[in-house]
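Enquirer: Provided below are the primary sequence and the corresponding predicted coordinates.
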Amino acid sequence: MVIALLTDFGTKDYFVGAMKGAILSINAKANIVDITHEIPPQDICSASFTLLACYKDFPPETLFVAVVDPGVGSDRRAVLLETENYYFVAPDNGLLSFIFEEETNFRVFELTNKDFFAPKISRTFHGRDIFASVAAHLTKGVEPNELGDETVDFVRFESAKPKKISENETEAEIIHTDNFGNLVTNLKHSDLPKDFMLEINGKIIKKRQEFYAEAEKDEVFMILGSAGFLEIVAFQNRAERILSVENGEQIILRMTK
Amino acid sequence: MVIALLTDFGTKDYFVGAMKGAILSINAKANIVDITHEIPPQDICSASFTLLACYKDFPPETLFVAVVDPGVGSDRRAVLLETENYYFVAPDNGLLSFIFEEETNFRVFELTNKDFFAPKISRTFHGRDIFASVAAHLTKGVEPNELGDETVDFVRFESAKPKKISENETEAEIIHTDNFGNLVTNLKHSDLPKDFMLEINGKIIKKRQEFYAEAEKDEVFMILGSAGFLEIVAFQNRAERILSVENGEQIILRMTK
Amino acid sequence: MVIALLTDFGTKDYFVGAMKGAILSINAKANIVDITHEIPPQDICSASFTLLACYKDFPPETLFVAVVDPGVGSDRRAVLLETENYYFVAPDNGLLSFIFEEETNFRVFELTNKDFFAPKISRTFHGRDIFASVAAHLTKGVEPNELGDETVDFVRFESAKPKKISENETEAEIIHTDNFGNLVTNLKHSDLPKDFMLEINGKIIKKRQEFYAEAEKDEVFMILGSAGFLEIVAFQNRAERILSVENGEQIILRMTK
């Protein structure tokens, strides 16, 4: 059974190794796969997007362990999300928002049963002591309802959804910047009118293309990315740099009839 | 069976996770190994070198999936290279040039059979939809000739080979800069006369040593690297920084009788 | 059997891929796990700490391959450390110091038997040619004493231990800076008096907390980290940056009655 990891722990420390060690100590046969450990520190929205963008590529039964956890040690809760095909273990801080939006049939359990935590729980490293531990137990056959009670009261942030602000305008935002400097917006195909332009940081973007290899060098244009969101990209350059923007930057989508 | 991945996708995004998920969805038993995902964006030459430098360390039957693909979405082709011991799946853009040079007995197949691609192929992410998918099918027993026709018309770049420019001079270049700032040249042992010096960015390098631990701090010298190429290194410092050069920088090798 | 890797090779080059290939060529069933490959280049102390901080999370019988090796190619020796539950393969340069300190019952073997090295040993890449090779053979059942003679003469650095410098003062140091800019000191719980303050780079730190989520933004305070060492952290900021310090920086611990 695949356990896929996504964190903001970085890859320079012992954190990821410790999580993997903890998993293997409970289930030596776990097939651990790294999605990324380089979510920008504490950027829950970027984590949520990244998970959304790839989870369906994994085989059914895959268990995702997603830890971006600014509230570690406080009283924020921990949850298991069970969908038709997948499991997700994460802090209850909005990290699973995009998955909640995508899935219709799911159950959420609060992780409270300490039998499936590490014997000693540090105040600062629940990634290892709670999330990795619970995940490993799940892959050994523990049932979701053994971990804690089902709950309907979990954190979903709405901010990442585009908002209509006038008849012709929708406010959206940059939710993720990828390795190539491409800017992923929270605009899905279904949010896009037939004709439109974007305004971002005082600049207007009108051009829309099918793929990366057909533009002028440095030209900024839109593309429907492989994750299903509209992206702002620049041919052979970083749109992020050309537009001087970062995650969270506001975008206005304007219908042009 | 080992599937070894090499890309320029970086490790911050969902790209690598998506490729791994796609592979595991087709072959749950695939043993996926990362070589690197940090090839400088779109640097086909550096990718080709990196693959060359380690492929023979892998067990026979290993399948390499190498994706540095500036032309994704355009009409560049995709190929499978089958050598005596290994398989390589890659875009047909020169990425396999150093392997073509190293191997004498090989076959190349154009990847055209859509039965082995993802059901829906995005325009921007062939790493997942074509290369990972084909690779996973290969590890399940699909034969190379089921993937498409054999071809002798594939892209090999010659630029990465040293060129004799006068009786005593050969023009070479930096093909890769490693994590320690060491500069890997395209000069192999067999390209080196008995006595020679290098000129690079206006500086002359004459000293040649056997290994890293025997120089003055900051001293720049040559060494025959573990990948079989001449490298320019600096003791306890980055030759890259001392010489102010980067990948592609020209080198003149000059015989000194 | 798990083989866990820790190096300063970075993840941009072929080095890590080559090590993994070499392991799989000898033992195709090895379960290879990355701890990190981003130890600061040649920072043996940081490597030693990182290993210490996570090795007990791994299942018994795990074999750690730790390579931070500024002396590669010189006459520094290579060793196997066998503890009650684990194996460690590393250059004999102090990298295992923290493990030696933590474990009471262990044996050290000098790696001299070339039968378990690669057939051809490069001068610059013992990570692949010696350490990976020996590790893979160990996971196939080779006994420690087949690798070379037991030795009691191995390198342990003492510098990383706090030193009492007056009745009320102890000199300590920063041994590691984590991904979040948190500064890990070499002070363990048992080194701490009831009341104390720290002086570092001319600044005094008095506040001590239980976990990260309870401070003012930018406030610098102490915390007992998940690895068992006192850490200097800043809420929602990098203590490293606020204090302008780096690995090796001296700290004075001063008893306050």
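Expert: Good, I have the coordinates. This one's a predicted model, so the numbers in the text were calculated from it and none came from an experiment.

Enquirer: contacts, neighbours, all on C-alpha from now
Expert: Will do.

Enquirer: low pLDDT regions in chain A?
Expert: Applying pLDDT under 70 to chain A flags the ranges A:159, A:212-214.

Enquirer: What are the structural domain limits within it?
Expert: Domain segmentation of chain A under automatic domain parsing yields A:2-147, A:163-255.

Enquirer: quick one: terminal-to-terminal distance for the last one?
Expert: Distance between the boundary residues of domain A:163-255 (CA to CA, to the nearest Å) amounts to 14 Å.

Enquirer: beta partners of residue A:31?
Expert: Counting by DSSP bridges, residue A:31 forms beta bridges with residue A:2.

Enquirer: give me every residue that touches residue A:91.
Expert: A:66-69, A:76-79 (CA atoms under 8 Å, 6 or more residues apart in numbering or on different chains).

Enquirer: Repeat that for residue A:41.
Expert: Here residue A:41 is in contact with A:8-9, A:68, C:180 (CA under 8 Å, 6+ apart).

Enquirer: which of those residues tops the neighbour count?
Expert: Within the contacts of residue A:41, most neighbours by other CA atoms under 10 Å in any protein chain shown means residue A:68, with 27 neighbours.

Enquirer: Residue A:96 is in contact with that one, correct?
Expert: No - look at residue A:68 against residue A:96 with CA atoms under 8 Å: they stay out of range, at 10.7 Å.

Enquirer: Helix, strand or coil: sort out residue A:23 for me.
Expert: Reducing the assignment at residue A:23 to three states with DSSP: H, G, I helix; E, B strand; the rest coil gives helix.

Enquirer: which phi and psi does the closest residue in space to it that isn't next to it in sequence have?
Expert: Closest residue in space to residue A:23, ignoring its immediate chain neighbours: residue A:136 at 5.1 Å, by CA to CA, 6 or more residues apart in numbering or on different chains. Main-chain dihedrals, residue A:136, degrees, to the nearest 10: phi -60, psi -40.

Enquirer: just residue A:56 next, same as before
Expert: Phi and psi for residue A:56, reported as degrees, to the nearest 10, are phi -70, psi -10.

Enquirer: Likewise for residue A:241?
Expert: Torsion angles, degrees, to the nearest 10, at residue A:241: phi -80, psi -40.

Enquirer: Could you pull up the residues touching it?
Expert: Contact analysis of residue A:241 by CA under 8 Å, 6+ apart lists residue A:181.

Enquirer: please redo it, this time with the cut-off set to 10 Å
Expert: Residue A:241 is in contact with A:181-182, A:234, counting by CA atoms under 10 Å, 6 or more residues apart in numbering or on different chains.

Enquirer: From residue A:218, how far off is it?
Expert: Counting by CA to CA - residue A:241 and residue A:218 are separated by 10 Å.

Enquirer: any common contacting residues for the two?
Expert: With CA under 10 Å, 6+ apart, residue A:241 and residue A:218 have common neighbours residue A:234.

Enquirer: what's the burial count for residue A:93?
Expert: 21.

Enquirer: Surely residue A:135 touches residue A:25?
Expert: No - judged on CA atoms under 10 Å, residue A:135 makes no contact with residue A:25 at a distance of 11.9 Å.

Enquirer: Have a look at these two and say which one is more surrounded.
Expert: residue A:135 (28 against 19).

Enquirer: list the contacts for residue A:95?
Expert: Applying CA under 10 Å, 6+ apart to residue A:95 gives the contacts A:43-49, A:51, A:66-69, A:155-157.

Enquirer: Now with 8 Å, please.
Expert: With CA under 8 Å, 6+ apart, residue A:95 has these contacts: A:44-45, A:47-48, A:66, A:68, A:156.

Enquirer: In those residues, which residue is surrounded by the most others?
Expert: Using other CA under 10 Å as the neighbour criterion, residue A:47 leads the contacts of residue A:95 with 32 neighbours.

Enquirer: Would you mind pulling up the elements that the strand or helix carrying it packs against?
Expert: Here residue A:47 sits within helix A:44-54, counting by DSSP states H and E. Counting contacts by 3 or more CA pairs under 8 Å, 6 or more residues apart in numbering or on different chains; DSSP states H and E, helix A:44-54 is packed against strand A:2-7, helix A:97-102, strand A:169-177, helix B:15-26.

Enquirer: Of all these, which one comes closest to residue B:206?
Expert: With CA to CA, the closest approach to residue B:206 among the helices and strands packed on helix A:44-54 belongs to helix B:15-26: 42.2 Å.

Enquirer: Confirm that residue A:217 sits in a helix.
Expert: No - according to three-state DSSP, residue A:217 belongs to no helix; its state is coil.

Enquirer: now it: how far from residue C:41?
Expert: Residue A:217 is 36 Å from residue C:41, by CA to CA.

Enquirer: May I have the residues that are in contact with residue A:43?
Expert: By CA under 8 Å, 6+ apart, residue A:43 lies in contact with A:8, A:68.

Enquirer: Apart from its neighbours in sequence, what residue is nearest the residue of the stretch 51-200 of chain A found nearest chain B?
Expert: With CA to the nearest CA as the measure, residue A:58 is the residue of the stretch 51-200 of chain A nearest to chain B, at 3.9 Å. Among residues not flanking residue A:58 along the chain, residue B:21 sits closest, at 3.9 Å (CA to CA, 6+ apart).

Enquirer: ranges for the helices of the stretch 51-200 of chain A?
Expert: All helices of the stretch 51-200 of chain A, identified by DSSP state H, counting those that start in this stretch, fall at A:97-102, A:126, A:133-139, A:144-147.

Enquirer: right, quick check: the shortest one against chain C, any contact?
Expert: No - applying CA under 8 Å from any CA of the partner chain, one finds helix A:126 separated from chain C by no less than 9.7 Å.

Enquirer: I'd like to know how far the residue at minimal distance from the centre of chain A sits from residue A:132.
Expert: In chain A, the residue lying closest to the centroid (CA atoms, centre = their mean) is residue A:48, at 1.9 Å. Taking CA to CA as the measure, residue A:48 falls 18 Å from residue A:132.

Enquirer: which parts of chain A sit against chain C?
Expert: Counting by CA under 8 Å from any CA, chain A comes close to chain C at A:9-22, A:24-25, A:28, A:41, A:70-74, A:122-125.

Enquirer: now do 7 Å
Expert: Where chain A comes near chain C, counting by CA under 7 Å from any CA of the partner chain, the residues are A:9-14, A:16-18, A:21-22, A:24-25, A:71-74, A:122-125.

Enquirer: correct me, but the residue nearest to the centre of chain A touches residue A:98?
Expert: Yes - the pair residue A:48 / residue A:98 is scored as a contact, 5.9 Å apart, by CA atoms under 7 Å.

Enquirer: on that earlier part again, kindly reformat the contacts of residue A:241 as JSON lines and extend each row with distance to residue A:224 and neighbour count.
Expert: Converted to JSON lines, those look like this (distance: CA to CA, whole Å; neighbours: other CA atoms under 10 Å in any protein chain shown):
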{"residue": "A:181", "distance to residue A:224": "15", "neighbour count": "19"}
{"residue": "A:182", "distance to residue A:224": "11", "neighbour count": "23"}
{"residue": "A:234", "distance to residue A:224": "13", "neighbour count": "26"}
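
Enquirer: Right, I'll leave it there.
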